[in-house]
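Engineer: Provided below are the primary sequence and the corresponding predicted coordinates.
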Amino acid sequence: MSDWVFGDRENGLSDKDNGLGLKAMDAEQLRENAHKMVDFIADYYKNIETYPVLSQVEPGYLQKLLPDSAPLHPEPLQALLQDVETKILPGVTHWQSPDYFAYFPSNSSVAGFLGEMLSAGINMVGFSWITSPAATELEMIVLDWLANLLNLPHDFLSKGPGGGAIQGTASEAILVVLLAARDKVLREVGKDGLGRLVVYGSDQTHASLQKACQIAGIHAENLRLLKTESCNGYSLSPESLTEAISHDIASGLIPLFFCATVGTTSSTAVDPLLALGKITKKYGIWFHVDAAYAGSACICPEYRHHLNGIEEADSFNMNCHKWFLTNFDCSALWIKDRSALIQSLSTNPEYLKNKVSISILRISIKFSRNLLYVVVHQASQGSTVIDYKDWQIPLGRRFRSLKLWMVLRLYGVENLQSYIRNHIKLAQQFEDFVVQDSRFEVVATRTFSLVCFRFLPANKTEEYVNKVNRDLLDAVNSSGKIFISHTVLSGKYVLRFVVGAPLTEERHIIAAWKLLQEAASSLLEN
Ligand code: PLP
C-alpha cells in the first residue's frame, strides 16, 4: 500500500507527502478507487428503475449547481460521487433502464463493460500495427469472427483484399466508404467530375448519408432520397433506383454510390439487397449496406435472410453498440477492397513511418466506363500488416476490439442469439397488446423489435390524431416511467416502441402498455 492519500479521505488523489508533484497513476490507488467506482456503478444498475428514464431537468440546470471554475486543490472521490448522485444523474437519460424503449437501444453488458474497462486500463492508441500489434490483430480476428457469424461473403474477411475495421459510429462508417467510392471514381473521371457525382438512398435512409455527402462535397442536389411507399413496407423498389440512375446518366451525371438499409431507423424496413445490388453492379455503382441496428439480429439463422444479396455489396456496417451487448462505441465496418479506403484516407508522414508499414504503390491498367485507366494500388510492405489509421478519419484509435472479443467469448453465440430472440418475442407481445385494443393501430410491419403504432380514437381527423399522439408521447415521457420516441410515416405521427435494453423483462412491457393505455384514456377524457 502506498502512502498516498486516497480519494475518500480529505485531499482527493493528491500526493501529499513527497512534494514531487502529481503522481497520476499508482496501482494501489487505482485498485482502491476503482473498486469504489465499480461499487457505485453496480449500485447504479441495481437502482436504475428508481430514476426517471428520461431526464426531467431544464436546460442550463447544471450551470446553477456547479462552481464557475475548477478546484485549485484536490477533492475527495466521495464528494465527487455525491455530486454524481445529486447533480449529474438527474441530468442523465437512462439508456440502460429496462423502461427505455426509445430510438434504438445502446447496449451495455457486464462483458462489454469489462472490455471497456480493460481498454481504458491499457489505454494505448493503436493507429498503426506497430503501436500495439495486438490491437490491430485482435480487431482483424474478431471482425472475421463476426463476419462469419453473419455469414458475410468471404471477400469481407481480412485474409483477402478486404476486411473489417471498428469505427466509432455508423455515420463514420458510411462517410469513409463514401470517400473511398468518390475518390475511386474521381481517379477515373478527373477531379472536376465531383459536381456530377450522384448518391442514392431512400427517403428512409438514415440522415448520416446526407451528412456524409455534405462532408464529401457531393452537391446537395445530387443526393437522391428515393420515395418509398407504405404498401411496400417502406423498402426501396428496384424499379425506382433503376429509373433514377437512367435519368441521371441521360442528364450527363455520374451515379456513384447507393446506400441500402437493413432495418431503417423509422420503421426497420429492409431494402431488397439482391435486386438493388444487381442494379448497382450493372452501372458500376458502389453498393453500401447499412444494418446499424438490425445487423445484430442476422446472427440468428431465422433472420439471416434479410442479408440475402449482401454478396453484391462493396461494404457493410452494423453497430455492435446498439443491440449486440457491446458498450458504446463499436461500429463494425467491412469492405471488400480495402485498397480503395486506404487510397482515400492514408497519409504517411515521416514521424509515423516504421519498418513494417511503409506503403508501396502498385500500378495496374483497368478498363471501365468505356475508358482505359491507370490504377494506383497501395499495399503494405508486410502483407499481413494493417494500419487502421488509413481506414478511418482520425489518427488515434482505441482498443475497441477488446470489448467485442469479451462479449463474444463471455456470452457465446447461443446466448447472444437467445438475447435477440427474447427482445423480438417481447416486441411481438407489445404488438399483440396494440392489436387487441381497437383504439390503437400498428402503423408499419414489425420485422425485428420495433413496433410502430399510434393511438387512433374513432371519428377524429388526421390532424387531431397526430396531435393526440404527440400529446401521448409527451405525457408518458414526462411521467419518467418509460421513454419512447416517434417518427413520421406517410404524414402520420407515429410512436416507436423498441425493445432492446438488456434489463427489459416481460413485466416492463406489460407496465409500459398499461401506462400508454391509461395516458391515452385520460387525454381523450380531457
Ligand atoms: N443507420 C441507421 C439505420 C441508424 O438507425 C442509425 C442510428 O440510429 C445510424 C445509421 C447512425 O448511427 P450512429 O449513431 O452510430 O452514427
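Structural biologist: Structure received.
Engineer: around the ligand, pick out the residues from the stretch 101-250 of the chain.
Structural biologist: The interface of the stretch 101-250 of the chain toward the ligand, taken as C-beta under 6 Å from any ligand atom, is made up of 104, 169, 170, 171, 206, 208. For every residue, glycine as well, the C-beta is placed using N, CA and C.
Engineer: restricted to buried residues, select those residues in ChimeraX.
Structural biologist: With 16 or more other C-beta atoms under 10 Å as the burial test, the buried ones among these are selected in ChimeraX as follows:
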select :104,169,170,171,206,208
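Engineer: show me the contacts for the closest residue to residue 262 other than its chain neighbours.
Structural biologist: Using C-beta to C-beta, 6 or more residues apart in numbering and skipping residues adjacent in sequence, the residue nearest residue 262 is residue 291, 3.9 Å away. Contacts were defined as C-beta atoms under 8 Å, 6 or more residues apart in numbering; by that measure residue 291 touches 261, 262, 263, 298, 306, 307, 316, 317, 318.
Engineer: rerun at 10 Å
Structural biologist: Shown here is residue 291, whose contacts under the criterion C-beta atoms under 10 Å, 6 or more residues apart in numbering are 150, 170, 260-263, 270, 273, 297-298, 306-307, 310, 316-319, 322, 332.
Engineer: and for residue 385?
Structural biologist: With contacts taken as C-beta under 10 Å, 6+ apart, residue 385 has the following neighbours: 128, 129, 130, 133, 136, 137, 354, 355, 356, 357, 358.
Engineer: what helix or strand is the fifth one on?
Structural biologist: Right, residue 136. Assessed by DSSP states H and E, residue 136 sits inside helix 133-149.
Engineer: sort out which residues of that helix are buried, please.
Structural biologist: Going by neighbour count (16+ other C-beta under 10 Å), the buried part of helix 133-149 is 135-140, 142-147, 149.
Engineer: so residue 316 sits in a helix?
Structural biologist: No. Membership of residue 316 in a helix is not supported by DSSP: H, G, I helix; E, B strand; the rest coil, which gives strand.
Engineer: show me the beta-bridge partners of it.
Structural biologist: Beta-bridge pairing for residue 316 (DSSP bridges): residue 289, residue 334.
Engineer: number of residues surrounding it?
Structural biologist: Using other C-beta atoms under 10 Å as the criterion, residue 316 is surrounded by 29 other residues.
Engineer: can you check the pLDDT for it?
Structural biologist: The predicted local distance difference test score for residue 316 is 98.
Engineer: circling back: reformat the buried residues of helix 133-149 as JSON lines; add pLDDT.
Structural biologist: Output for the buried residues of helix 133-149, formatted as JSON lines (pLDDT from 0 to 100):
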{"residue": "135", "pLDDT": "97"}
{"residue": "136", "pLDDT": "96"}
{"residue": "137", "pLDDT": "96"}
{"residue": "138", "pLDDT": "98"}
{"residue": "139", "pLDDT": "98"}
{"residue": "140", "pLDDT": "97"}
{"residue": "142", "pLDDT": "98"}
{"residue": "143", "pLDDT": "98"}
{"residue": "144", "pLDDT": "98"}
{"residue": "145", "pLDDT": "98"}
{"residue": "146", "pLDDT": "98"}
{"residue": "147", "pLDDT": "98"}
{"residue": "149", "pLDDT": "98"}
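Engineer: where's the residue nearest to residue 341 when sequence neighbours are not counted, which helix or strand?
Structural biologist: Counting by C-beta to C-beta, 6+ apart, residue 180 is the residue found nearest to residue 341 once chain neighbours are left out, at 4.5 Å. According to DSSP H and E, residue 180 maps onto helix 170-189.
Engineer: repeat for residue 225
Structural biologist: Secondary-structure assignment from DSSP H and E places residue 225 in strand 223-226.
Engineer: so what strands line up beside that strand?
Structural biologist: Next to strand 223-226 in the sheet, as set by DSSP bridges, lie strand 197-202 (parallel).
Engineer: could I get the partner strand in CSV with only the CA atoms?
Structural biologist: What follows is strand 197-202, C-alpha atoms only, in CSV (Å, rounded to 0.1, in the frame of the first residue of the first chain):
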residue,chain,number,x,y,z
LEU,A,197,-21.4,12.6,-58.8
VAL,A,198,-24.8,11.3,-57.6
VAL,A,199,-25.5,9.4,-54.4
TYR,A,200,-28.7,7.3,-53.9
GLY,A,201,-30.6,6.1,-50.9
SER,A,202,-34.3,6.1,-50.0
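Engineer: show me where the chain has helices.
Structural biologist: Per DSSP state H, the chain carries helices over the ranges 27-46, 61-65, 77-83, 110-122, 133-149, 170-189, 208-216, 238-250, 273-283, 320-323, 338-345, 401-436, 462-478, 506-525.
Engineer: list buried residues within the contacts of residue 291.
Structural biologist: 150, 170, 260-263, 270, 273, 297-298, 306-307, 310, 316-319, 322, 332.
Engineer: what ranges in the stretch 351-500 of the chain fall below the confidence cut-off?
Structural biologist: 357-384 (pLDDT under 70).
Engineer: filter the contacts of residue 385 down to the buried ones.
Structural biologist: Neighbour counting with 16+ other C-beta under 10 Å marks 128, 129, 130, 136, 137, 357 as buried within these.
Engineer: nearest spatial neighbour of the third one, skipping sequence neighbours?
Structural biologist: If you skip the residues right next to it in sequence, residue 130 has residue 354 as its closest partner in space, 4.7 Å away by C-beta to C-beta, 6+ apart.
Engineer: quickly note the distance from that neighbour to the ligand.
Structural biologist: To the ligand, residue 354 is 31 Å away according to C-beta to the nearest ligand atom, to the nearest Å.
Engineer: and what of residue 388?
Structural biologist: For residue 388, the distance to the ligand under the criterion C-beta to the nearest ligand atom works out to 18 Å.
Engineer: from what I see, that residue and residue 126 are in contact.
Structural biologist: Yes. In this structure, residue 388 sits in contact with residue 126. The criterion is C-beta atoms under 10 Å, and the distance is 6.9 Å.
Engineer: quick one, which of these two is more surrounded?
Structural biologist: Taking neighbours as other C-beta under 10 Å, residue 388 and residue 126 compare with residue 126 leading, 25 against 21.
Engineer: name the nearest residue to the more buried one, sequence neighbours excluded.
Structural biologist: Closest residue to residue 126 apart from its sequence neighbours, by C-beta to C-beta, 6+ apart: residue 135 at 3.4 Å.
Engineer: what do you get for residue 111?
Structural biologist: residue 410 is the one closest to residue 111 (C-beta to C-beta, 6+ apart), at 3.9 Å.
Engineer: can you tell me which residues contact the residue positioned nearest the centre of the chain?
Structural biologist: By C-alpha atoms, centre = their mean, the mean C-alpha position of the chain lies nearest to residue 319, the distance being 3.9 Å. For residue 319, the contacting residues are 104-107, 167, 169-170, 173, 290-296, 326, 328-332, by C-beta under 10 Å, 6+ apart.
Engineer: just the ones in strands from those, please.
Structural biologist: Among the contacts of residue 319, the ones falling in strands (DSSP state E) are 167, 290, 331, 332.
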